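Participant: predicted coordinates and the sequence they were generated for:
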Amino acid sequence: MNTQEINEIKELLSTPKNIVIVPHKNPDGDAIGSTLALSHYLTALGHQTSVISPNEYPGFLKWIPGEDTIIKYNESTSTAKSKIENAEIIFTLDFNHLSRIGDMEESLSKAEATFIMIDHHQQPDDYAKYTYSDTSMSSTCQMVYHFIEKLDDLKKISPEIATCIYVGIMTDTGSFRFRSTTSVTHRVVSDLIDRGADNTAIHENIYDTNTLSRLQLKGVALNNLKVLPEYKTAYISLSQKELDDHNFRKGDTEGFVNLGLSIEGIKFAVIFIENKGEGIIKISLRSKGDFSVNEVSRKHFEGGGHHNAAGGKSNLSLQDTIEKFISILPSYKNVLNP
Ligand code: 5GP
Ligand code: MN
């Protein structure tokens with residue numbers, strides 16, 4: 001995003017506008033944190049803003065300031081559609097292809113608003129008039145901070161905005177440990193604490209929210225964990241029955257894929273989660289070092305994401321998906337275990 005574009009956006013935001021802000025389907029901490037942070041900021045500038053999520057998000061995000069105002073497209077479709085139709089500006093955050101918003105794509109692709117994308121995933125599409133894309137960024141939340149910085153408005157970062165931004169940086173960096181965490185990320189986080197983000201409370205609100213059944217589901221996941229030393233690969237599967245037997249709620253399997261990656265020597269970890277409602281197997285892929293799970297997911301599992309963290313899906317059965325997965329591993333042997 002160059003200076004001229006920033007100036008055009010400043011001009012656009014200089015008079016009150018109807019603004020809609022959209023995260024991707026099945027939004028995570030970064031998607032919810034960034035959309036709410038931007039919404040608080042734009043509201044403070046005098047705009048009418050609505051965050052419209054394609055669908056529901058995990059319970060551990062249901063305390064973030066402003067979260068109770070989020071409109072869910074799949075539940076309040078007519079309200080959402082009219083807000084989208086009336087929007088003058090639509091911000092799309094934490095995704096870069098309209099297929100990432102499910103059924104909401106239909107409404108958004110018809111909208112006449114000016115689109116602004118803020119996102120850190122690879123291979124951005126070009127649907128937006130203004131595209132702020134940076135794949136080196138830790139999180140979209142960090143980019144919202146830099147966006148406000150580019151608008152010379154850091155002074156407007158309230159404790160609520162600081163909290164929202166902190167959530168997404170913390171969750172997308174695995175609590176500041178992934179390679180995308182830079183010294184700049186730490187400087188941003190330090191400033192957020194100075195501006196009122198309560199780092200200990202945020203960590204507790206997100207991570208200390210286990211239920212007994214969720215912990216037991218993690219036990220099942222660990223029990224199902226398989227290691228393929230020849231490919232430095234580990235994978236986990238969870239069937240719909242295993243989820244049902246443990247009172248599964250959205251977000252309960254968050255982070256499970258990293259269990260495989262925590263085994264010494266493992267470079268590639270995957271989790272396959274059966275979703276009978278949607279008729280798919282949801283897949284999360286993680287890697288360490290130079291092995292690109294973004295490429296694996298794009299090529300074999302209709303997905304994408306980042307170099308070391310990606311997602312995708314399969315329409316095969318759980319067993320057939322795992323067999324397909326095992327069958328593609330030999331083609332990556334040279335990279336995984338040279
Ligand atoms: P997760 O495995 O936690 O669902 O997602 C890991 C990363 O991949 C996130 O940045 C997420 O936005 C992205 N991602 C997850 N699922 C998909 C998908 O189906 N398609 C694409 N393009 N990206 C995905
Ligand atoms: Mn993100």
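Facilitator: Nice, I can see it. Ligands and ions are numbered 1, 2, ... in the order given.

Participant: so the helix or strand encompassing residue 33, near ligand 2 or not?
Facilitator: Assigned by DSSP states H and E, residue 33 falls within helix 29-44. Yes: judged by CB under 5 Å from the ion, helix 29-44 and ligand 2 are in contact via residue 30. Quick note: C-beta positions are derived from backbone N, CA and C, even for glycine.

Participant: with stretch 112-132 instead?
Facilitator: No: in terms of CB under 5 Å from the ion, no part of stretch 112-132 sits within range of ligand 2; the closest distance is 5.9 Å.

Participant: just the buried positions in that stretch, please.
Facilitator: Neighbour counts using 16 or more other CB atoms under 10 Å place 113-122, 124-125, 128-132 of stretch 112-132 among the buried residues.

Participant: quick check: which of these are also close to ligand 1?
Facilitator: Restricting the buried residues of stretch 112-132 to those within reach of ligand 1 (CB under 6 Å from any ligand atom) leaves residue 121.

Participant: so which bits of the chain are right by ligand 2?
Facilitator: Going by CB under 5 Å from the ion, the residues of the chain near ligand 2 are 30, 94, 140, 172.

Participant: ok, the third one touching residue 91?
Facilitator: Same thing as residue 140. No: Residue 140 is beyond contact range of residue 91, at 10.5 Å (criterion: CB atoms under 8 Å).

Participant: common neighbours of those two, please.
Facilitator: By CB atoms under 8 Å, 6 or more residues apart in numbering, residue 140 and residue 91 have these common neighbours: residue 118.

Participant: the more surrounded of those two?
Facilitator: Comparing residue 140 with residue 91 by other CB atoms under 10 Å, the one with more neighbours is residue 140, at 32 against 28.

Participant: ok so, going back, and the helix holding residue 33, is it in reach of ligand 1?
Facilitator: No: legend: contact between helix 29-44 and ligand 1 by CB under 6 Å from any ligand atom is lacking; minimum distance shown is 7.5 Å.

Participant: how is the chain divided into domains?
Facilitator: 3-207, 212-336 (automatic domain parsing).

Participant: pick the most deeply packed of these.
Facilitator: Highest mean neighbour count among the domains of the chain (mean count of other CB atoms under 10 Å): domain 3-207, with a mean of 19.

Participant: start to end distance for it?
Facilitator: End-to-end distance of domain 3-207: 39 Å, with CA to CA, to the nearest Å as the criterion.

Participant: same question, stretch 230-246
Facilitator: 33 Å.

Participant: residues contacting that stretch, please?
Facilitator: So stretch 230-246 is in contact with 213-214, 216-217, 220-222, 224-228, 252-253, 256-257, 259-261, 263, 265-276, 318, 322, 325, 329, 332-333, 336-337, going by CB under 8 Å, 6+ apart.

Participant: which SS class is residue 145?
Facilitator: With DSSP: H, G, I helix; E, B strand; the rest coil as the basis, the three-state label of residue 145 is helix.

Participant: near ligand 1, which residues of the stretch 101-250 of the chain show up?
Facilitator: residue 121.

Participant: and the residue in the stretch 101-250 of the chain that ligand 1 sits nearest to, what's its pLDDT?
Facilitator: Across the stretch 101-250 of the chain, no residue is closer to ligand 1 than residue 121, which sits at 6.0 Å (CB to the nearest ligand atom). Listed pLDDT for residue 121 reads 97.

Participant: my read: it touches residue 307, true?
Facilitator: No: using CB under 8 Å, residue 121 makes no contact with residue 307, being 10.2 Å away.

Participant: that older thread, which of the contacts of stretch 230-246 fall in strands?
Facilitator: 226-228, 268-275 (DSSP state E).

Participant: so residue 91 belongs to a strand, correct?
Facilitator: Yes: with three-state DSSP as the criterion, residue 91 is part of a strand.

Participant: from residue 175, how far out is it?
Facilitator: Distance, residue 91 to residue 175, by CB to CB, to the nearest Å: 27 Å.

Participant: try residue 333
Facilitator: 32 Å.

Participant: repeat for residue 329
Facilitator: Taking CB to CB, one finds residue 329 at 30 Å from residue 175.

Participant: just checking, residue 25 touches residue 98?
Facilitator: No: between residue 25 and residue 98 there is no contact under CB under 8 Å: 10.8 Å.

Participant: many thanks, have a good one.
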